[in-house]
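Novice: With the sequence up front, the predicted model follows.
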Amino acid sequence: MATPLRTAAKVFYYARNFARDLAPQALFRRRLAGWLEQTRRSDGSVRQRVNYYNRLERPFAPSPAAVPVSRMPFSPSMYYYDLKEFARYFDPALLIDLEFGDVIDVPKMPAIVKDRPITDGNGNAVLMKLDKFRHFQLPADRQPFADKRPLVVWRGDLNNPIRTRFLDAVRDLPICDVGTPKKEAKAEYQKPYLTIDEQRRYRYIVSLEGNDVATNLKWIMSSNSLCLMPPPTYETWFAEREVRAGVHYVPLASDFSDLADRVAYFEKHPAEAERIVAAANAYCQKFRNERDEQAISLLVLYKYFVLGGQVKPDPEVWRFITG
């Protein structure tokens, strides 16, 4: 359910990107050299993130299915605009393999994706910050942990067996306000819709993967509520592999049999809960640095085009990327 503020933000998102498409694209391409000159002066954290998102190490050739930057598919439109925001800085004839939508397998060829499985063999999946309007909501939370309701909340679609298993295991616990607002779900699973702000009034919020990653993980970790979840199996630009159990979130067993005990423990040890909340908040901070986010996005694509044999690397920029 869209709020007036979110609706206004979406209108602004499309208006800004539509204006970018109307502007002469050569203006962006002329700025690329200057951007790259600035990015190579960035610190080691930028380099680390570039090579985390783009794990390619060897040259490759684009696949027969690759499309020119100028003809990337428009649908889904937010994927298109989020990738085009940075791809427009490069030659429109450059070829790019991409997979829009929820990606549950590693592409056979190096391709730009929103998400990938957390595995050592996922190098062909090159992460970009796609569908960010939906996934990267990091609103400020001014309500302290201690002032929140001492209960567990979860809302979501039942699009993953994990979620149904979760509801079966905990929905009758008195500490839990969990369910789905979807009317097609079984009656015993249904609960009224709650906004993000309403969910953040609870001390404990559960994050569960759906079609791929858990969309709510980012806004939970940027809140003053404590995140509880099973270890993630997919990752996005948020680098879910780097989110540490016991440091940034409270891990849950796959059958959720430990949820009540976890909550009881942190009710008795609120300082430990607040320590984890603080670490989660700190983890989110880097995604608020727009200059770094832009630099990393450009360098991820730059590395992709260089290894794809389509761009001759600037020696200084390449030295920065490779360390």
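Specialist: Happy to help now that I have it.
Novice: Would you mind pulling the contact partners of the longest strand seen in the chain?
Specialist: Longest strand in the chain by number of residues, with DSSP state E as the criterion: strand 149-155. Contacts with strand 149-155, where a contact means Cβ atoms under 8 Å, 6 or more residues apart in numbering, come from 166, 170, 173, 175-181, 191, 193-194, 199, 201-206, 208, 228, 259, 263, 267. Glycine gets a C-beta too; all of them are placed from N, C-alpha and C.
Novice: among those, which ones are buried?
Specialist: Burial by neighbour count, 16 or more other Cβ atoms under 10 Å: within those this picks out 166, 170, 175-180, 191, 194, 199, 201-206, 208, 228, 259, 263.
Novice: Which ones among the residues you listed lie within strands?
Specialist: Using DSSP E, the buried ones among the contacts of strand 149-155 in strands are 176, 177, 178, 179, 202, 203, 204, 205, 206, 228.
Novice: Hmm, the second one is touching residue 191, no?
Specialist: Yes. The pair formed by residue 177 and residue 191 meets the contact definition of Cβ atoms under 8 Å, at 6.9 Å.
Novice: Got the domain ranges for this structure?
Specialist: 13-130+289-322, 145-286 (automatic domain parsing).
Novice: What separation do you get for the residue lying closest to residue 108 once chain neighbours are set aside and residue 291?
Specialist: Among residues not flanking residue 108 along the chain, residue 124 sits closest, at 6.9 Å (Cβ to Cβ, 6 or more residues apart in numbering). Relative to residue 291, residue 124 is positioned 29 Å away (Cβ to Cβ, to the nearest Å).
Novice: more neighbours, the two?
Specialist: More neighbours surround residue 124 than the other of residue 124 and residue 291, with 18 against 11 (other Cβ atoms under 10 Å).
Novice: from the middle of its chain, how far away would stretch 285-294 be?
Specialist: Between the centre of stretch 285-294 and the centre of its host chain there is 13 Å, according to Cα atoms, centre = their mean, to the nearest Å.
Novice: Any chance of the backbone angles for residue 104?
Specialist: Torsion angles at residue 104 (phi, psi; degrees, to the nearest 10) stand at phi -110, psi -10.
Novice: who touches the residue nearest to it when sequence neighbours are not counted in this structure?
Specialist: In this structure, residue 104 finds its nearest non-sequential neighbour in residue 212, 5.9 Å apart by Cβ to Cβ, 6+ apart. By Cβ under 8 Å, 6+ apart, the residues touching residue 212 are 102, 103, 104, 115, 234.
Novice: Buried members of these into ChimeraX, please.
Specialist: Command for ChimeraX that selects the buried part of the contacts of residue 212, burial taken from 16+ other Cβ under 10 Å:
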select :103,115,234
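Novice: and of the contacts of residue 212, the nearest to residue 278?
Specialist: Ranked by distance to residue 278 (Cβ to Cβ), those are led by residue 234 at 25.6 Å.
Novice: Run through the bridge partners of that closest one.
Specialist: Counting by DSSP bridges, residue 234 is bridged to residue 117.
Novice: any idea how far it is from residue 307?
Specialist: Distance, residue 234 to residue 307, using Cβ to Cβ: 24 Å.
Novice: one step back: how about the ones in strands among the buried ones among the contacts of strand 149-155 in TSV, adding pLDDT and distance to residue 22?
Specialist: Shown next, in TSV, are these (pLDDT from 0 to 100; distance: Cβ to Cβ, whole Å):
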residue	pLDDT	distance to residue 22
176	98	50
177	98	46
178	98	46
179	98	44
202	98	44
203	98	47
204	98	46
205	98	41
206	98	43
228	98	46
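Novice: Show me the shaky parts of the chain.
Specialist: Along the chain, the parts satisfying pLDDT under 70 run over 1-2.
Novice: can you give me the strands for it?
Specialist: 67-68, 95-96, 98-99, 111-113, 116-117, 125-127, 149-155, 176-179, 202-206, 226-229, 234-235, 250-251.
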